[in-house]
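1. Build the 3D model from these lines:
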Amino acid sequence: MDVSGHAFIKMAATSNLGHIYLLLGQMTKATECLRRALDGWRQGGSGEVMILDGLAQVHLSRNDFEECGRVLSRMHVPKECLEDATYYETCTFPTRVRFLLKQRRAESALELASIGRVTAEKRTAPSLASLLQLLQAEALLMAGRPADATELVCAVADAGGAEPLETLPRVGRMFAKLHQAHGNRAAAADWFEHAARVLASAGDECARAELLQEYAELLWPTVGRPGDRPSGPPARPLPEWLCLRPTARRVTVHPAEATPLGPGAPPLSIAAALERAATLIDLAGRPQCVGQELQDVLGRCGAIANAAVVSRADAAPPEVLAFWGDYRRLDDLLSAAAGVERIGLGRWRDKDVELLAEVGGGLDSRAAVIAARKLVKASLELEAARRERRERAALWPLEEPIESRYGVFASQAMTELVATARKIGPSNVTVLITGETGTGKEVLARIIHDASPRASRPFIPFNCAAVPRDMLDSQLFGYRRGAFTGALVQFPGVIRGAAGGTLLLDEIGEIPPDLQPKLLRFLEAQEIQPLGETHPVPVDVRVLAATNADLDQLLASGRFREDLYYRLNVIRLRVPPLRERREEIPVLVQHFLKRFAEENRKDNLRLAEETMEYLLLYSWPGNVRELLNQMRRLVALAENGAVLMPEHLPPEIVASRRTLPASERILAPTEVVVRLDQPLAAAVEHVERAILPWAMRSAGGRVDLAAKMLGLSRKGLYLKRQRLGLEGGDTLALDRKP
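-> Numbering: from 1, shown residues only. Presented below is the predicted three-dimensional model:
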């Protein structure tokens, strides 16, 4: 974060680092980073909200309710505006609800969780909605309504989620509390330990420590707070890995990372065994968590005596991730002594993970291990099938494309881009959209606008290249009557015309240098100074920018201000050209064929397979806009019931399928031909002689920027140019023959 030298980016990175320390349970470092980020934050808005939320979570983990309440009050949302909270304000609802629950204010927590859940569903945040639904259930349980709480928890468990690591431990925690409320303390202990293992696999030490604290206080009378101690004997002997430090009243855990109860633990119930089997399927992509669950199940049913989850990388010694049983038997497990079974659990971070287990001699033990091996194999095959389906969908969409009034999105790249656009829509952050002409930059900008609280306000696209440069100032910022010759009436300008809404500045690279400081002032202060006005005028507008130009090259040549670039480039979205997402072409062709057939009242138009091949292989320099116009032309010229053949296509598309000899092909400015029948060193030198001058020209002669483009250090670039004799002769280097 110190490399960029940009204050805004540095503060954002410091905030992110604080939240990472929070997850790791390192509260002192988390507090230091978050406070430093808050002191340096001058932007307000969503960034400040998330920093304050992190600080509130730190205080909540320490049970410092007074300080937590003070922090929460700084990001207070009026009650009448709760349901219209922004996305980032909605993300703070769980902290607010947990604050109320820890103070045992059940009714207030239930009301706030219900509002937050509705808001999260409106913002299309399913994980956040599930978390708030579970907090609703906790508030209901605290209010003495366990039946209603059970319904909500079961609904979340049944729905599942795209990311089981976010859902499983939260559901497990609530099942534990529900079982404890019904007096089934053994089942509650099972669920607490299961949730702790999943959180250990996820690396969420903050949530894990809090969960173990609850575990101790609710189920172990010898370590819990006196007011929370349940009556009667403990569910079973206190596990070795769970202990409480009396001074700090925090839970510490054995280094073996959530090791299960060990030998002597009671057997699993049928319901718990089924739940563990489902966990193996849900978490097949997390081998460490699968191994911990598997050794717990096999150990609890008496099938194994000792077990270890280990990871191996090539010839390196195995790394022990978790252990069950007697540590003195670890060496025997690692050496694969007689009676040790190995069950492969998959790969994690380029390492093979497996379970090593000493199996009992009985038939039941062997049968249980065989069944476990089959279950793990099935879960891995299912995960591989899911991954293959995702990869195949990226090449050829299997499901229905996303259709809306904006267009059609069928490729994985575009669906992910649309999802990102909708995610950042509720914030007020500036977005820079890049891409070639005709890719759909304005479409993406409209999606961002419609996903924001400004959706009911104007969306105004303004093309900076469509207005003469000497008129841009007056068109954007407006003018007062009499400000100049011909200003007969007052004109508010495009920016004020978008007040309360969103302004898309298309072709932002065409803004002349003399107007860029004024635009920067507007972006930073949210105020403008129309021509002829003596005082600035405040205006509330969200700005999105789009360009098909290379802004980095404009920066290098001095035609675009660096501070304006960084102010616009808070979030950058690149819309890929159509040739990079050819899997969308068949879907787009059918969509446009149907649309224009309806517009032109033509029935039963079809496209021949050979015609589709031509369309797939064409480079589409005009991107989606060109494809749309070509389909409009084909439909307009076709007869009812016609099959559109290759001869109906324009000559440029038909000609694109011809294969030309390399000698006849015209090279693009960024292409170079290298002969293969020459020594490797000569070929490499030829490429270097071509690419180094190109980089220097593209960087406008700036060595630092050219070196960065080539992935070299400044000294490395200098030495290469000196070795090749390119100092001062860059312009002639491209003409040399290999």
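
2. which residues does residue 575 contact?
-> Neighbouring residues of residue 575 by C-beta atoms under 8 Å, 6 or more residues apart in numbering: 417, 433, 434, 435, 436, 439, 440, 441, 444. The way it works is simple: take the backbone N, C-alpha and C, and place the C-beta from them, glycine included.

3. Looking at those residues, which is nearest residue 341?
-> residue 417 (46.7 Å; C-beta to C-beta).

4. How much space separates the residue nearest the centre of the chain from residue 709?
-> The residue lying closest to the centre of the chain (C-alpha atoms, centre = their mean) is residue 420, at 7.7 Å. Using C-beta to C-beta, to the nearest Å, residue 420 is found at 26 Å from residue 709.

5. One more: residue 292?
-> 47 Å.

6. Neighbour count: the two, which is higher?
-> residue 292 (32 against 19; other C-beta atoms under 10 Å).

7. coming back round to it: I figured the residue nearest to the centre of the chain hits residue 573, correct?
-> Yes - between residue 420 and residue 573 there is a contact at 6.7 Å, judged by C-beta atoms under 8 Å.

8. picking that back up, report the contact partners of the residue nearest to the centre of the chain.
-> residue 573.

9. Going by neighbour count, list what's buried in the helix or strand it falls within.
-> Element membership for residue 420 (DSSP states H and E) is helix 412-424. For helix 412-424, burial by neighbour count (16 or more other C-beta atoms under 10 Å) applies to 412, 413, 414, 415, 417, 418, 420, 421, 422, 424.

10. Can you lay out the residues you listed as CSV showing distance to residue 287 and pLDDT?
-> Shown next, in CSV, are these (distance: C-beta to C-beta, whole Å; pLDDT from 0 to 100):
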residue, distance to residue 287, pLDDT
412, 25, 78
413, 29, 82
414, 32, 85
415, 28, 84
417, 31, 88
418, 32, 87
420, 29, 90
421, 34, 90
422, 33, 88
424, 33, 90
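
11. Pick the one among those residues closest to residue 59.
-> The closest of these, once distances to residue 59 are taken by C-beta to C-beta, is residue 424, at 28.5 Å.

12. Distance check, that closest one against residue 572.
-> Distance from residue 424 to residue 572, by C-beta to C-beta: 11 Å.

13. where do the contact lists of the two overlap?
-> With C-beta under 8 Å, 6+ apart, residue 424 and residue 572 have common neighbours residue 431.

14. re earlier: what's the most distant pair in the contacts of residue 575?
-> Maximum distance among those (C-beta to C-beta): 14.5 Å, for 417 and 436.

15. Longest helix in this structure, please.
-> helix 363-395 (DSSP state H).

16. Provide the contact partners of the helix or strand where residue 433 lies at residue level.
-> Residue 433 belongs to strand 431-434 when assigned by DSSP H and E. With contacts defined as C-beta under 8 Å, 6+ apart, strand 431-434 is touched by 424, 441, 444-445, 448, 508, 544-548, 551, 568-575.

17. In helices only, show me those.
-> Short answer: the contacts of strand 431-434 in helices (DSSP H) are 424, 441, 444, 445, 448, 551, 568.

18. Just list the residues touching the third one, thanks.
-> Right, the one you point to is residue 444. 417, 418, 421, 433, 573, 575.

19. if we go to 10 Å?
-> 406-407, 409, 414, 417-418, 420-421, 431, 433, 435, 504, 544, 546, 573, 575 (C-beta atoms under 10 Å, 6 or more residues apart in numbering).

20. between these, which is closest to residue 14?
-> residue 431 (22.4 Å).

21. Could you count how many residues lie near the closest one?
-> Neighbour tally, residue 431, other C-beta under 10 Å: 25.

22. swap in residue 576?
-> 17.

23. From residue 129, how far off is it?
-> Distance, residue 576 to residue 129, by C-beta to C-beta: 31 Å.

24. Under the pLDDT cut-off, which ranges of the stretch 51-200 of the chain? List them.
-> Along the stretch 51-200 of the chain, the parts satisfying pLDDT under 70 run over 76-88, 123-124, 160-165.

25. can you rerun that using 50?
-> The stretch 51-200 of the chain contains no residues with pLDDT under 50.

26. For it, just list every one of the helices.
-> Assigned by DSSP state H, counting those that start in this stretch, the stretch 51-200 of the chain shows helices spanning 65-74, 87-91, 93-102, 106-122, 126-142, 146-159, 164-181, 185-202.
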